[in-house]
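S.K.: need a structure here:
(one chain, ligands or ions: 1)
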Amino acid sequence: MLQPTDRSTSRTAFDVRRRRWLGWMAGGGLALAGLAAVPEARVFAQQVQDFIEGPPMPDIAPRQLSPHVWMIYAKDGFPNQENQGMMANIVFVVTSKGVVVLDSGASLQIGQMAIRMIGRVTPLPVVAVFNSHYHGDHWLGNHAFVEAYGQDLPIYALAHTREQIAGHEGNLWRSLMERWTNQATLGTRVVAPNQTVTHGQTLTFGDVTLRMHHYGRAHTPSDLCVQVVQDGVTYVGDIAMENRIANIDDGSYPGTFKYYEALQQAAGGQLWVPGHGHARKDLLDTYGSFLSGIWEACVQAVRDGVPLEGAKALVLKEPRVAARAATMDGFDSNIGKYTSLAYLEAEKEAF
Ligand SMILES: [Zn+2]
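M.R.: Numbering: from 1, shown residues only. Have a look, this model is predicted:
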């Protein structure tokens, strides 16, 4: 009794597939399939593929920072066609239970490169990804990791970061990155984090414990810092940078100083690993001193009734700012804007 039913079911399914196939052929698929044999058509097909998906990201050999922690270093601070959006470091932690990725890069292609580089260090699979905040250079690579390790791969972030990536910010960053790189990141999909972490939480992966830190608004309202407890290494995302002036449009100057203080009190001395630039033990001091130079000059200007233009001149003369002006990436193009933001915040604090 079962057999005839089975056969008729499978025959029906086969017929449906066959009808679809014939329909596709009649609808022009046959003509395309024939054309593909012509070399010019193959070149055209390749161009169509490149248009849909940007070119692969060239390899960048990972560097070891500590017994468990590695970094794929981004030498550029800002995205363009040549660097294909490679502007933020990708950090990964090799644990006995698999690899944990701290920020996944700015595109599908960069994420795919990171997966190749992880493969040079360990045969273990990636078992978790963390996104430090919602700026796209830190999470657009999520796409590559779910493609390689499945939709159920845990991607952790603070609740506000998850909301922003799943909402308007996610698509905004995807399209901005395409524009800035002249389409090199095409093909990248928004894959939002699927797990929420909170301040103080610890997660254990085999021989490694990760501790979550968040102390209010710094670079954004939701910057997650991840401490690799056994190594004395903490990934700080964009709350501090080595030699690049940070976007502080969504951030706060006094919030950043408070964050540094609380983080240092909780974690103690660490090798601080930024999303942009090299890891340093004095990173919070050096970047903090630069930001304090901008902030304190603006606070003084507001107190003295100096207008914004005057405050900008005072900031440029401030020794802690002037010392970095010549060598800091993005200084000339951004210092005016970030002084304005400091000035506005200082005005708000004054009242
Ligand atoms: Zn950022």
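
S.K.: for stretch 70-79, list every residue counted as buried.
M.R.: For stretch 70-79, burial by neighbour count (16 or more other Cβ atoms under 10 Å) applies to 70, 71, 72, 73, 74, 76, 77, 79. C-betas here are computed from N, CA, C, even on glycine.

S.K.: do stretch 172-182 as well
M.R.: For stretch 172-182, by 16+ other Cβ under 10 Å, it's 173, 174, 176, 177, 178, 180, 181.

S.K.: got the residues you listed as JSON lines, with pLDDT, distance to the ion and secondary structure columns?
M.R.: Listed next are the buried residues of stretch 172-182 as JSON lines, based on pLDDT from 0 to 100; distance: Cβ to the ion, whole Å; DSSP: H, G, I helix; E, B strand; the rest coil:
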{"residue": "173", "pLDDT": "97", "distance to the ion": "10", "secondary structure": "helix"}
{"residue": "174", "pLDDT": "97", "distance to the ion": "15", "secondary structure": "helix"}
{"residue": "176", "pLDDT": "97", "distance to the ion": "12", "secondary structure": "helix"}
{"residue": "177", "pLDDT": "98", "distance to the ion": "13", "secondary structure": "helix"}
{"residue": "178", "pLDDT": "97", "distance to the ion": "18", "secondary structure": "helix"}
{"residue": "180", "pLDDT": "97", "distance to the ion": "14", "secondary structure": "helix"}
{"residue": "181", "pLDDT": "97", "distance to the ion": "17", "secondary structure": "coil"}
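
S.K.: can I get those in CSV with distance to residue 104?
M.R.: What follows is the buried residues of stretch 172-182, written out as CSV (distance: Cβ to Cβ, whole Å):
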residue, distance to residue 104
173, 13
174, 13
176, 17
177, 13
178, 17
180, 18
181, 16
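
S.K.: on that earlier part again, and which of the buried residues of stretch 70-79 is nearest the ion?
M.R.: residue 77 (11.2 Å; Cβ to the ion).

S.K.: what's the distance between that closest one and residue 68?
M.R.: 27 Å (Cβ to Cβ, to the nearest Å).

S.K.: residue 336 too?
M.R.: 41 Å.

S.K.: pick out whichever of these two has more residues nearby.
M.R.: residue 68 (21 against 13; other Cβ atoms under 10 Å).

S.K.: hang on, that one packs against residue 209?
M.R.: No: in terms of Cβ atoms under 8 Å, residue 68 does not count as a neighbour of residue 209; the distance is 10.5 Å.

S.K.: circling back to that earlier point, please identify which of the buried residues of stretch 70-79 is nearest to residue 148.
M.R.: Residue 148 lies nearest to residue 72 out of those, by Cβ to Cβ, at 15.5 Å.

S.K.: the buried residues of stretch 70-79 in strands, which ones?
M.R.: 70, 71, 72 (DSSP state E).

S.K.: what would the residues you listed look like in a markdown table with distance to residue 307 and pLDDT?
M.R.: Formatted as a markdown table, those follow (distance: Cβ to Cβ, whole Å; pLDDT from 0 to 100):
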| residue | distance to residue 307 | pLDDT |
| --- | --- | --- |
| 70 | 48 | 98 |
| 71 | 43 | 98 |
| 72 | 45 | 98 |
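
S.K.: ok, and which of these reach the ion?
M.R.: With Cβ under 5 Å from the ion as the criterion, those include none near the ion.

S.K.: what ranges do the helices span in the stretch 101-250 of the chain?
M.R.: Applying DSSP state H, counting those that start in this stretch to the stretch 101-250 of the chain gives helices spanning 108-121, 142-149, 159-166, 168-180.

S.K.: tell me where the stretch 1-150 of the chain has strands.
M.R.: 63-64, 69-72, 90-95, 98-102, 126-130 (DSSP state E, counting those that start in this stretch).

S.K.: okay, those strands in JSON lines with distance to residue 139 next?
M.R.: Shown next, in JSON lines, are the strands of the stretch 1-150 of the chain (distance: least, Cβ to Cβ, whole Å):
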{"stretch": "strand 63-64", "distance to residue 139": "22"}
{"stretch": "strand 69-72", "distance to residue 139": "15"}
{"stretch": "strand 90-95", "distance to residue 139": "11"}
{"stretch": "strand 98-102", "distance to residue 139": "10"}
{"stretch": "strand 126-130", "distance to residue 139": "8"}
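
S.K.: low-confidence bits of the stretch 51-200 of the chain, can you list those?
M.R.: For the stretch 51-200 of the chain, the stretches with pLDDT under 70 are 51.

S.K.: got JSON lines for the helices of the stretch 101-250 of the chain, with distance to residue 132 too?
M.R.: Listed next are those as JSON lines, based on distance: least, Cβ to Cβ, whole Å:
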{"stretch": "helix 108-121", "distance to residue 132": "15"}
{"stretch": "helix 142-149", "distance to residue 132": "12"}
{"stretch": "helix 159-166", "distance to residue 132": "8"}
{"stretch": "helix 168-180", "distance to residue 132": "14"}
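
S.K.: picking up where we left off before, now the common contact residues for residue 68 and residue 209.
M.R.: Residues touching both residue 68 and residue 209 by Cβ atoms under 8 Å, 6 or more residues apart in numbering: 228, 230.
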